[in-house]
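Undergrad: Sequence first, predicted model second:
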Amino acid sequence: MAQTTASGSQVSPQNSSPAERLLFGGLGVGLILLSLRQKGNSGVFLGTSGALLLSGAAMGRSVGSAVTQVRRTEDDQIAVARAVTIGKPVDELYAFWRDFENLPRFMDHLESVKVQDGDGRRSHWVAKAPAGTTVEWDAEITGDEPGRRIAWRSLEGATVPNEGHVEFRPAPGDWGTEIHVSLTYRPPGGTLGAVVARLLGEDPGVQVGEDLRRLKRLLEVGQEPTTEGQPSARKGVMKAEAKMYDNRRSS
Amino acid sequence: MKAVVWQGINRVQVETVPDPELLQPTDAIVRVTATAICGSDLHLVDGYVPSMVHGDILGHEFMGEVVEVGSEVRDVKVGDRVVVPFPISCGKCWYCHHGLTSLCDNTNPNPKLAEALWGYAGAGLYGYSHITGGYAGGQAQFARTVYADQNLYKVPEGLTDEQVLFLTDILPTGYMGAENCNIHPGDVVAVFGCGPVGLFGIMSAFVLGAGRVIAIDRFPERLDMARQLGAETLNYEEDAVFERLKEMTGGRGPDSVMDAVGLESHAGGPGGVADAVKQTTRVLESDRPHALRAAIMACRKGGTVSVPGVYGGLADKIPVGAFMNKGLTMRTGQTHVHRYLDTLTGYIERGEIDPTRIITHRLSLEEAPHAYEIFKHKHDGCIKCVLDPWADPKDHEPTKAP
């Protein structure tokens, strides 16, 4: 269970934050109280739901985090780890990533990354945020082992403090290279904020997975496949249904 | 252009839609000269493969002439006559490098759905729901094809459309189904289902050295055709298939059994009814696996079960005890069409496999709704329909092949 995150802190076996436990625990108590005033099946249902919420809150296992699979560290940061295998040599992938200005080419939520000094250790990041806003921060490279590992961390003053590292490991046989990315970040609102964000479809875990897939397609094929603009006999509301299936929020 | 469009469960119509355009520099536009309806299209029409959307263009068996190519297309030229494999290969990923093109990592633009359903996503497929990418299909007058250099297969001179059309899917599918049977010379192979894939499976099993093929179906015209191909036949509505297979193989059972039926297999009895009821809810069970159950039970100890039939999701009551205790091997997969094209074209050129034998109906694209109807219900002796996107239905009386 114990996993070490980018910042070295442990992933907590409890997936809900104190605020979240208070919220769901209170909700559980409320439902139990409500159930006392109901007769028959609805009373049983409310009482059971209340008891489940309350016990979940007591054990630190929340419904929201369980459903959305958000993982938090013991100091209430969110931890994300994703990996992909790409059919390219380690050195090529390391060099591509080490030039941080390449990151927006496959990290969909990034608007730009500007390297600020000669050796590329400091950089300025601009990311898209919900509702058309942007978030900006400065970051520095905290570890750089050519062909093996790059680590970075946001500097003081970031709205969403974050740090991460990427490891490049030779894959077995002729598979190429495994890329392992770990990130921790502290979203506004702690774990509860992350759960809400995830429910709204802004989950960084999913984003990182999608980003790595885009990187693979960019480097292996040179482009993303697309069906946008192809003919169909769709009209009106059916277009939205197709979009929902295709789930390409970015485009 | 005219195209065959999915309009909801059991609703297929021909509509006028915009012509396809090049969307990426690796695309090519094909003027479709022949297209066919596949048994797996019926799973879409019947609504058992989810994520079809009203307005989707159907069809994954099509061929034609290249009329436009993107700026990065090198090997394919305007004017080339090509067949289009139904799985889309990127040609660059590990799977494509290893000939497993239907498992391509990079060509499904919508892999999250497939990952939710199956754990990992396979290749994009033409005209086969949004799980497999949502690419528009080829039952149309024109089709956008993608990664043209990796996918479009140039047809050798001297072969007709009907000789090569089935290279897009069912011929390689039957062949891979037979290859997956792991046939040793003289083996007995049982084939459940004598539709187009089963029939090509029979032809391929003989080509690969089977001594005997026993074919199982319930439609007389399909069983007739299986017999013409050299198979012995069983009608499962008249015969107790398991007992007969045992008897016909000296009590051993067939060395390999192919399930060329897939998720809409028919069965009588309480089990068959239960499957049908559960599948109708679309929740309790997505697939009716009767043929797969029968294949596992019938196969001899230590034998191989090959599954070219399409399965989509979840199936109940698979006899996993029989599977394990008999030491069976199961081999499956959407067809890696690309790896078989040269080999099968060779068989066709030498006359060792004649794909045109299974065609019973030649219709215009306009008649697609009728074609779907007779193909689905096996009316009018229909085994395989080929559609001509450019024929005028008025001067093109529906014809049944001799």
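TA: Great, that's in hand. Just so you know, these numbers come straight off a predicted model, no measurement behind them.
Undergrad: so where's the chain uncertain?
TA: If you meant another chain, say so; for now it's chain A. Along chain A, the model assigns pLDDT under 70 to residues A:1-17, A:61-75, A:189-202, A:247-251.
Undergrad: Please refer instead to chain B.
TA: Using pLDDT under 70, chain B drops low at B:394-402.
Undergrad: again, only using 90
TA: By pLDDT under 90, the weakly predicted segments of chain B are B:267-273, B:280-284, B:392-402.
Undergrad: Identify, by residue count, the longest strand of chain A.
TA: Ordering each strand of chain A by length in residues (DSSP state E) puts strand A:134-145 first.
Undergrad: So which bits of the very next helix or strand once past that strand are buried?
TA: Once strand A:134-145 ends, the next helix or strand along the chain (criterion: DSSP states H and E) is strand A:149-154. By 16 or more other CB atoms under 10 Å in any protein chain shown, the buried positions in strand A:149-154 come out as A:150-154. C-beta: built from backbone N, CA, C; applies to glycine.
Undergrad: what's the answer for stretch B:59-79, then?
TA: B:59-64, B:66, B:68-70, B:73, B:76.
Undergrad: now do the same end-to-end measure for it.
TA: Terminal residues of stretch B:59-79 are spaced 22 Å apart (CA to CA, to the nearest Å).
Undergrad: now swap in stretch B:102-115 and tell me
TA: Using CA to CA, one end of stretch B:102-115 lies 15 Å from the other.
Undergrad: Check which residues of that stretch are buried.
TA: Neighbour-count burial for stretch B:102-115 [16+ other CB under 10 Å]: B:102-114.
Undergrad: May I have the strands that pair with the longest strand of chain A, each with its orientation?
TA: Note on strand A:134-145: by DSSP bridges, its sheet partners are strand A:122-128 (antiparallel), strand A:149-154 (antiparallel).
Undergrad: Residue 22: how many residues sit nearby?
TA: No chain specified, so I'll use chain A. Residues contacting A:L22 under the criterion other CB atoms under 10 Å in any protein chain shown number 13.
Undergrad: you looked at the wrong chain, it should be chain B
TA: A count of nearby residues for B:L22, using other CB under 10 Å, gives 18.
Undergrad: cool, and B:R212?
TA: The number of residues packed near B:R212 is 18, by other CB under 10 Å.
Undergrad: What sits closest to it if chain neighbours are left out?
TA: Spatial nearest neighbour of B:R212, excluding adjacent residues (CB to CB, 6 or more residues apart in numbering or on different chains): B:V188 at 4.7 Å.
Undergrad: isn't the one you found right up against B:T249?
TA: Yes. The criterion here is CB atoms under 8 Å, and B:V188 meets it with B:T249 at 5.3 Å.
Undergrad: Who has more neighbours out of those two?
TA: When B:V188 and B:T249 are compared for neighbours, B:V188 comes out ahead with 24 against 17, by other CB under 10 Å.
Undergrad: quick one: that one from B:I353, how far?
TA: B:V188 is 21 Å from B:I353, where distance means CB to CB, to the nearest Å.
Undergrad: With A:K216 instead?
TA: Computed as CB to CB, the A:K216 to B:I353 distance reads 38 Å.
Undergrad: number of nearby residues for whichever residue of chain B sits closest to chain A?
TA: Closest contact between chain B and chain A, by CB to the nearest CB, is at B:G55 (3.3 Å). Residues near B:G55, counting by other CB under 10 Å, number 21.
Undergrad: Looks like it contacts B:V4 (just checking).
TA: No. Between B:G55 and B:V4 there is no contact, the gap being 11.5 Å when judged by CB under 8 Å.
Undergrad: now B:G39, nearest residue through space, not along the chain?
TA: Leaving aside its chain neighbours, B:G39 sits nearest to B:G195 (5.2 Å; criterion: CB to CB, 6+ apart).
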